[in-house]
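Engineer: With the sequence up front, the predicted model follows.
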Amino acid sequence: MTNAQTSARVGLFFLLGIALVWVTHEALSGSKVDARKGYELTARFKSLKELKPGDEVRMAGVRVGQVRTTRLAGRKAEAVMIIDNKVEVATDATATIAMSGLLGGNYVSITLGTDESGVLPPGSEIHAVDTPDLNTVVSQLGEVGKQVQTALSEFSGSMAGEGEGPGLLGKLDLLIEENRTKISGITTNLEDITGKIRRGEGTIGKLVNDEQAYNELIASLAEIRGAATEAKGFVSNAQGIIDQVKSGQGTLGTLIYDDETGANIKVVSQNLRELSEKLNHGQGTLGRLINDDTLFREAQGAIQKVNRAVDGMADQGPITAVGVAANALF
């Protein structure tokens, strides 16, 4: 191998190394947004969470800029971003600091917002929302783990018992031991009851084993349901009648709510009362007939005279009969 070939190979490997370094750098840091082709937006956070200049700014997962610089502004931390001129950020969009992965860096995530809200002008401040970082989440999980461990420890202590008194399991075991006879009796009774049901004894046993008893019960329930339906219809009809009476319809409704009919009934009652009083006092022809015996006796005498006249007419001729009748009556 000549010196020229060796030099050429060394130069080729050198160029390949430079290209590999450049590709790695671009893959890690991404392409930069030229400040002359972008505009600035500022986001204020309580903590930048290791955010540094050069980190990406993404919108809906698409890279739209980069962080230009970070700085403190009073009790807040500001991130100045360079956004591509071709990208418009809505005024109601929000910026958060997100993680690229568990081992990756952070970046600024901007929401899309709405078209009706308008566009943020260059140099303005975008609304920022602080989110918990991985360290905060891990710390909170650690606190939760401690609380769970404490709760389990207390539960174990209450179950096993602490100090002189027995725990929950000990109390339960003591309760079972003291009531062993009663528990045995209850179990025996339950076995007897289930045995009777299985043999078809008693009401429940017949319902469980006797199909005819079950059918009769179903029929009785159907009759009760029908009676309830009829009662419901009766109540509905009665309510309809009551409504008609309240509205003044029908004879009863007219008698109750019609003033003119009520007045007429009062007049008739008054007339009947006056008539009965006259009859009781013997006033008028009918009253005298009811209360005066003289008219009754005179009527009886007239009837007797008519009877004698009729008897005489049977023995006399027509002309004589007329005369006899006249004499008998007058």
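Structural biologist: Cool, the structure landed.
Engineer: alpha carbons only for contacts and neighbour counts from here, please
Structural biologist: OK.
Engineer: for the stretch 201-330 of the chain, which spans come out with low pLDDT?
Structural biologist: Low-confidence segments of the stretch 201-330 of the chain (pLDDT under 70): 252-255, 257-258, 262, 282, 286-293, 295-296, 309-330.
Engineer: tell me the pLDDT at residue 46?
Structural biologist: Per-residue confidence (pLDDT) for residue 46: 91.
Engineer: residue contacts, it?
Structural biologist: 75, 76, 77, 130 (CA atoms under 8 Å, 6 or more residues apart in numbering).
Engineer: Now do the contacts for residue 202.
Structural biologist: Going by CA under 8 Å, 6+ apart, residue 202 touches residue 196.
Engineer: what do you get if the cut-off is 10 Å, keeping everything else the same?
Structural biologist: Contacts for residue 202 (CA atoms under 10 Å, 6 or more residues apart in numbering) come out as 193, 196, 208.
Engineer: of these, closest to residue 42?
Structural biologist: residue 208 (79.6 Å; CA to CA).
Engineer: which parts of the helix or strand that closest one falls within are buried?
Structural biologist: Assigned by DSSP states H and E, residue 208 belongs to helix 202-209. Across helix 202-209, burial judged by 16 or more other CA atoms under 10 Å covers 204, 205, 206, 207, 208.
Engineer: And the strands in the stretch 151-300 of the chain?
Structural biologist: Assigned by DSSP state E, counting those that start in this stretch, the strands in the stretch 151-300 of the chain number zero.
Engineer: So what's the residue count around the closest residue in space to residue 50 that isn't next to it in sequence?
Structural biologist: Spatial nearest neighbour of residue 50, chain neighbours left out: residue 106 (7.2 Å); criterion: CA to CA, 6 or more residues apart in numbering. Using other CA atoms under 10 Å, residue 106 is surrounded by 21 other residues.
Engineer: pLDDT wise, what is residue 106 at?
Structural biologist: The model reports residue 106 with a pLDDT of 88.
Engineer: Test my guess that it contacts residue 100.
Structural biologist: Yes. Using CA atoms under 10 Å, residue 106 is in contact with residue 100, at 5.8 Å.
Engineer: which residues are in contact with both of these two?
Structural biologist: Overlap of the contact sets of residue 106 and residue 100 (by CA under 10 Å, 6+ apart) consists of residue 56.
Engineer: what comes up buried for whichever helix or strand residue 66 is part of?
Structural biologist: Assigned by DSSP H and E, residue 66 belongs to strand 62-73. By neighbour count on 16+ other CA under 10 Å, the buried set for strand 62-73 is 63, 64, 65, 66, 67, 68, 69, 70.
Engineer: got CSV for those, with distance to residue 228 too?
Structural biologist: Below are the buried residues of strand 62-73 laid out as CSV (distance: CA to CA, whole Å):
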residue, distance to residue 228
63, 76
64, 76
65, 79
66, 80
67, 81
68, 84
69, 84
70, 82
